[in-house]
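Visitor: sequence-free structure coming up:
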């Protein structure tokens, strides 16, 4: 077969997969012409752990490849790659040696591009650079031994019990103020005679209290969780309920004795991240200038959380909440023009307004549902629509365009 035909076929395949899908045709043809095509039968090694960096970056055209970690106890399966996945990117991290062995699990065809040619696209295209950075973040210098902050130990129950302050619901606001002034968590739980939770109150809640008993100013009970909590489960529950507090009870229900109270700040002390307050800050931001620096923080939070396969679902949930918060902020900050477009933002769950703007559909439920990959495109559509009428929304439009489109099937594509 003529070389030009093979090169065109390779280029046509590459442009269907990240990070090549954003490259112009000329660059794709240059990449395709710089490499070669390889065939491997099943159970063959493409390379072995510890091999020096090679001269090619490989894309799997068909078949399956297993990534194996070798140690004193033998080989351990770490991942299975398929069509469109890349091999050899570890050459750009550390000393470039292979972090694991790649063994075919079926007959495999590989398309290779010259590593030097691929590196030139990294320098010229930010999206390719982000793709490579994501790969290094997930499987880079520390390989598959890297752990997510979601795996950090949750605050010990004894620690949380030592910080628990409780009051009966008929306590006066004056007495409650004294207890809150000494509280190390900044929250006081209200309990009945049996020690069962009835609500919580903070200093901010107390400021709006009309006087008399604190039950009038107290919040309703936050979600409850069992004592055997994990950081992952706590983050999930807080984001789903949009609450920065969790009540820990004897059996995980509101009908049992209150054991402790966990706040987002307590959790951040131990895991080093505070996704709950970050999402809340985006949702309640007062201007595009306030939102703009928070978006890169959210990106970093997700990148550092995505280390192992079990992290994908939780990082997608966090990303969903960030997108939802961005949408809420965009709609709220452009409230007048949303109304002018026939959408009543404060009552957007009403059918008439809901049907008039499909971009709102992923965001009307409370708590937010799982948002599809195309959701951020819908947010951009809404912001662009508003910005055409309101110049001050141009900042929002720029912020939203900086947020990546996520894909559960290919998390690295997020960055």
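Guide: Structure's in. What do you need? Owing to the predicted nature of the structure, the values given are computational and were not obtained by experimental measurement.
Visitor: so where's the longest helix in this protein?
Guide: The longest helix of the chain (DSSP state H) is helix 311-333.
Visitor: distance between that one and the chain's centre?
Guide: Here helix 311-333 is found 8 Å from its chain centre; the criterion is C-alpha atoms, centre = their mean, to the nearest Å.
Visitor: quick check: buried residues in that helix?
Guide: Buried residues in helix 311-333, counted by 16 or more other C-beta atoms under 10 Å: 311, 314-331, 333. All C-beta atoms are positioned from the backbone trio N, CA, C, and that covers glycine.
Visitor: report the residue ranges of every domain in this structure.
Guide: Here the domain parsing of the chain from automatic domain parsing is 3-146, 157-271, 275-414.
Visitor: now do the helices in the stretch 151-300 of the chain.
Guide: Assigned by DSSP state H, counting those that start in this stretch, the helices in the stretch 151-300 of the chain fall at 157-162, 173-182, 203-207, 231-241, 264-271, 275-283, 288-291, 294-305.
Visitor: so where is this structure shaky, pLDDT-wise?
Guide: 1-3, 136-146, 211, 309, 334-415 (pLDDT under 70).
Visitor: where exactly do the strands run in it?
Guide: Remark: strands assigned in the chain by DSSP state E are 36-40, 45-47, 56-62, 65-71, 74-81, 86-87, 101-104, 108-114, 166-167, 187-191, 197-202, 224-225, 245-249, 258-263.
Visitor: partners of the fourth one, with directions?
Guide: Each strand pairing with strand 65-71, determined using DSSP bridges, is listed with its direction: strand 74-81 (antiparallel), strand 101-104 (antiparallel).
Visitor: list the buried ones in stretch 244-254?
Guide: Buried residues in stretch 244-254, defined by neighbour count with 16+ other C-beta under 10 Å: 244, 245, 246, 247, 248, 249, 252.
Visitor: neighbours around residue 83, how many?
Guide: If you count neighbours by other C-beta atoms under 10 Å, residue 83 ends up with 14.
Visitor: adjust the sequence numbering to begin at 10 for everything that follows.
Guide: Happy to do that; since the first residue is 10 now, the last one works out to residue 92.
Visitor: what sits against it?
Guide: 26, 69, 70, 71, 72 (C-beta atoms under 8 Å, 6 or more residues apart in numbering).
Visitor: any idea how far it is from residue 25?
Guide: Residue 92 sits 9 Å away from residue 25, going by C-beta to C-beta, to the nearest Å.
Visitor: could I get the strands of the chain as CSV with distance to residue 285?
Guide: Below are the strands of the chain laid out as CSV (distance: least, C-beta to C-beta, whole Å):
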stretch, distance to residue 285
strand 45-49, 47
strand 54-56, 43
strand 65-71, 39
strand 74-80, 34
strand 83-90, 31
strand 95-96, 35
strand 110-113, 39
strand 117-123, 43
strand 175-176, 23
strand 196-200, 14
strand 206-211, 15
strand 233-234, 14
strand 254-258, 10
strand 267-272, 9
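Visitor: buried stuff in stretch 224-234?
Guide: 224, 226, 227, 230, 231, 233, 234.
Visitor: no, scratch that, I was asking about stretch 14-26
Guide: So for stretch 14-26, counting by 16+ other C-beta under 10 Å, buried means 16, 17, 19, 20, 22, 23, 24, 26.
Visitor: quick one: which of the residues you listed is nearest to residue 165?
Guide: Of all the buried residues of stretch 14-26, residue 165 sits closest to residue 26, with 45.5 Å by C-beta to C-beta.
Visitor: is it true that the closest one touches residue 70?
Guide: No: look at residue 26 against residue 70 with C-beta atoms under 8 Å: they stay out of range, at 9.9 Å.
Visitor: quick one: distance of stretch 246-261 to the chain centre.
Guide: 20 Å.
Visitor: tell me the one of the buried residues of stretch 253-263 nearest residue 313?
Guide: Once C-beta to C-beta is applied, the member of the buried residues of stretch 253-263 that ends up nearest residue 313 is residue 253, at 20.6 Å.
Visitor: excluding its backbone neighbours, what's nearest that closest one?
Guide: Nearest residue to residue 253, sequence neighbours excluded (C-beta to C-beta, 6 or more residues apart in numbering): residue 273, at 4.0 Å.
Visitor: do the same with residue 117
Guide: Ranked by C-beta to C-beta, 6+ apart and with sequence neighbours excluded, the top spatial neighbour of residue 117 is residue 72, at 3.3 Å.
Visitor: show me the contacts for the closest residue in space to residue 195 that isn't next to it in sequence.
Guide: By the measure of C-beta to C-beta, 6+ apart, the closest residue to residue 195 outside its immediate chain neighbours is residue 211, 6.0 Å from it. Contact partners of residue 211, counting by C-beta under 8 Å, 6+ apart, are 189, 195, 196, 197, 228.
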